[in-house]
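[1] Have a look; sequence and predicted model below, questions after that.
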Amino acid sequence: MLDFKKEIGKLVSKNFGSLNEDTIIELLEVPPNYELGDYAMPCFRLAKELRKSPNIIAQEIVDSIKEKNLFEKIENVGAYVNFFINKEALGKTVLEEVFQKKEMFGSANIGKGQNVTFDYSAPNIAKPFHVGHLRSTVIGNSLYKIYNFLGYNSIGINHLGDWGTQFGKMISAYKRWGDDEEIKKEPIKSLQALYVKFHEEAEKAPELEEEGRYWFKKLEEGDEEARQIWKRFVDLSLEEFNRVYDLLNVKFDYNTGESFYEGKMERIVDMLKEKNLLVESKGAYVVDLEEYNMPPCIILKSDGTTIYATRDITAAIYRKETFNFAKSIYITDYSQNLHFAQWMKVIELMGFDWANQMEHAPFGRVSTEEGRLQTRKGNVILLDDLLMKSIEKAKEIIEEKNPNLENKDEVAKMVGIGAVIFNDLSNGKIKDIVFNWDRMLSFEGETGPYVQYTYARANSVLGKAEYHITNDVDYSLLTNDEAVNVIRLLYSFQNTIIAAMEKNEPSFIARHIIDIAQAFNKFYHECPIIVEDKELQKARVLLVYGAATTIKVGLSLLGIEAPQKM
């Protein structure tokens with residue numbers, strides 16, 4: 001696709017020899033509104049070098065350009081040179097690109113040959129898969145897709161919480177009070193009840209805590225009975241988790257939990273000792289981080305067992321050695337900021353020059369309005385309950401608005417799940433979010449169903465058009481404001497995807513496709529598509545195709561399906 005910033009660079013450097021192309025491109029800005037042009041070039045920074053006032057420089061640049069080529073006009077306003085792209089040229093370059101690339105529109109190959117690992121979701125074995133895991137799952141899934149779309153090789157890792165002292169407690173509770181029939185019937189509910197009971201009983205009999213530590217030590221030492229019980233907890237939990245992942249259409253390349261690194265930690269502890277980083281503290285071994293204004297990072301507890309940080313350091317080194325990542329991104333809530341800062345600093349202190357390739361992408365927490373959801377397990381809202389309720393509500397809306405719709409159940413699932421994901425990803429990831437069912441499932445406003453409905457509407461128009469979609473159109477027929485506003489948003493779509501990748505922020509894409517949907521709906525209402533003038537119809541149909549394709553691509557990058565009909 002034609003890069004108009006580069007074209008400006010060529011045009012100005014060719015006609016105004018005092019400036020090179022790169023300097024010009026670096027100076028370019030996007031004005032706050034299109035009345036000031038598509039691009040503006042401030043000349044303040046050039047004043048010292050050229051020994052003239054910025055206003056004079058701006059006027060001289062404008063006067064030097066004789067042939068405007070791809071630009072309708074180039075004018076100076078004060079110290080700025082404003083560039084107005086030729087609307088016909090803009091429409092042609094954008095819509096031909098969509099026509100050629102189809103559902104790869106907006107893609108790029110900037111990450112070619114580079115691996116990026118994503119650590120996301122990471123629920124705890126034998127505990128409910130609750131709404132607290134939603135954000136990590138959908139943000140991680142979206143980032144995985146975004147990086148892939150830009151040419152990187154994404155590697156998704158579900159770092160399951162399947163190791164640690166809590167499993168010693170679980171084994172102890174199971175041996176004392178476990179009921180196999182109950183566990184078979186409702187695995188996660190029964191295992192969670194055992195965990196809760198252990199803590200309740202431990203308050204009355206503190207020696208139980210010691211028993212829990214004893215069983216985890218046995219587990220780490222490879223005791224056969226402990227391993228069998230633990231393996232059963234893992235298998236039952238994964239079965240439950242996979243039901244939710246299927247609903248969300250989320251897949252991982254590796255389900256390697258903390259236990260995967262069990263036999264690999266001794267080497268890392270030895271490395272820390274060799275580098276004189278380990279110090280003893282009250283029987284435990286830690287890395288002192290006082291000079292970095294952080295508490296010590298515990299590596300081995302006083303009983304010799306490992307801790308989260310030990311496993312995270314081991315996992316990072318294993319992933320670098322295995323995948324040689326260019327970037328390794330961890331998606332967890334902001335409450336873990338200190339934990340990640342600590343162990344990543346330890347990696348740096350170990351002398352690994354790739355420590356700066358690791359990134360923690362923190363996010364805010366999720367909650368629901370009090371009383372909105374009835375299915376609660378303790379203080380936990382189960383994620384599959386949330387998703388099923390959203391599907392059910394979506395189906396109620398479909399029954400009311402379009403009772404004769406084909407494949408109602410399938411569409412309700414797309415809309416219900418899409419509403420939950422979009423509600424999450426349309427907010428900046430660091431913000432805490434609250435579910436509001438009426439707003440989330442509304443077909444108006446900035447919601448997933450609104451964007452999906454816009455896609456379905458565009459798809460319906462394409463179905464009614466008499467002509468096949470073609471790029472052999474008169475682009476001068478797409479220069480009115482409504483058409484150009486859509487085309488401009490399609491043009492900047494790839495830059496938005498790149499920005500989303502650079503900031504690990506899927507909300508940029510969600511906001512962009514809302515803008516496209518709103519601009520398209522205005523175009524749809526103001527500019528009839530099925531008209532007598534067949535040349536005009538052909539041009540407008542191509543624009544509808546461009547908008548529909550881009551919305552579908554944007555939704556797919558968020559992990560949301562786009563129904564053909566709604």
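    Alright, I've got the coordinates.
[2] Okay, now stretch 343-356: how far is its last residue from its first?
    Criterion CA to CA, to the nearest Å; first-to-last residue distance in stretch 343-356 is 12 Å.
[3] Next: stretch 290-308.
    Stretch 290-308: ends 20 Å apart by CA to CA.
[4] now that stretch, how far from the centre of its chain.
    31 Å (CA atoms, centre = their mean, to the nearest Å).
[5] Do a quick rundown of the helices in the stretch 251-400 of the chain.
    265-274, 308-323, 337-349, 383-401 (DSSP state H, counting those that start in this stretch).
[6] deepest of the ones you listed, which one?
    helix 308-323 (a mean of 20; mean count of other CB atoms under 10 Å). Using the backbone N, CA and C atoms, a C-beta is placed for each residue, glycine as well.
[7] helices and strands around that one, which ones?
    On a contact count with 3 or more CB pairs under 8 Å, 6 or more residues apart in numbering; DSSP states H and E, helix 308-323 meets strand 115-119, helix 265-274, strand 297-300, strand 327-333, helix 337-349.
[8] and if we set it to 7 Å?
    strand 115-119, helix 265-274, strand 297-300, helix 337-349 (3 or more CB pairs under 7 Å, 6 or more residues apart in numbering; DSSP states H and E).
[9] Just the residues contacting the third one, thanks.
    Here strand 297-300 makes contact (CB atoms under 7 Å, 6 or more residues apart in numbering) with 269, 272, 278, 284-287, 289, 306-307, 309-310, 342-343, 346.
[10] and which of those is nearest Arg319?
    Distance to Arg319 across the contacts of strand 297-300 (CB to CB) is lowest for Trp343, with 13.3 Å.
[11] show me what contacts that closest one?
    Trp343 touches 297, 309, 312-313, counting by CB under 7 Å, 6+ apart.
[12] Domain parsing of this structure, as residue ranges.
    As recorded under automatic domain parsing, the domains making up the chain are 4-85, 164-236, 386-557.
[13] between those, which gets nearest to Lys251?
    Among the domains of the chain, the nearest to Lys251 by CB to CB is domain 386-557 (13.9 Å).
[14] End to end on the closest one, go ahead and measure it.
    Termini of domain 386-557 sit 22 Å apart (CA to CA).
[15] For Gly161, grab phi and psi.
    Dihedral angles of Gly161 (phi, psi; degrees, to the nearest 10) stand at phi -80, psi 80.
[16] Setting aside sequence neighbours, what's the nearest residue to it?
    In space, and not counting its chain neighbours, Gly161 is closest to Asn124: 3.6 Å by CB to CB, 6 or more residues apart in numbering.
[17] That neighbour: neighbouring residues, count only.
    19 (other CB atoms under 10 Å).
[18] Look up how far Glu225 lies from it.
    22 Å (CB to CB, to the nearest Å).
[19] ok so, going back, wait, which of the helices and strands packed on helix 308-323 is closest to His512?
    Using CB to CB, the helices and strands packed on helix 308-323 put strand 115-119 closest to His512, at 21.7 Å.
[20] Give me the next element, helix or strand, following that closest one.
    With elements assigned by DSSP states H and E, the helix or strand that comes after strand 115-119 is helix 134-149.
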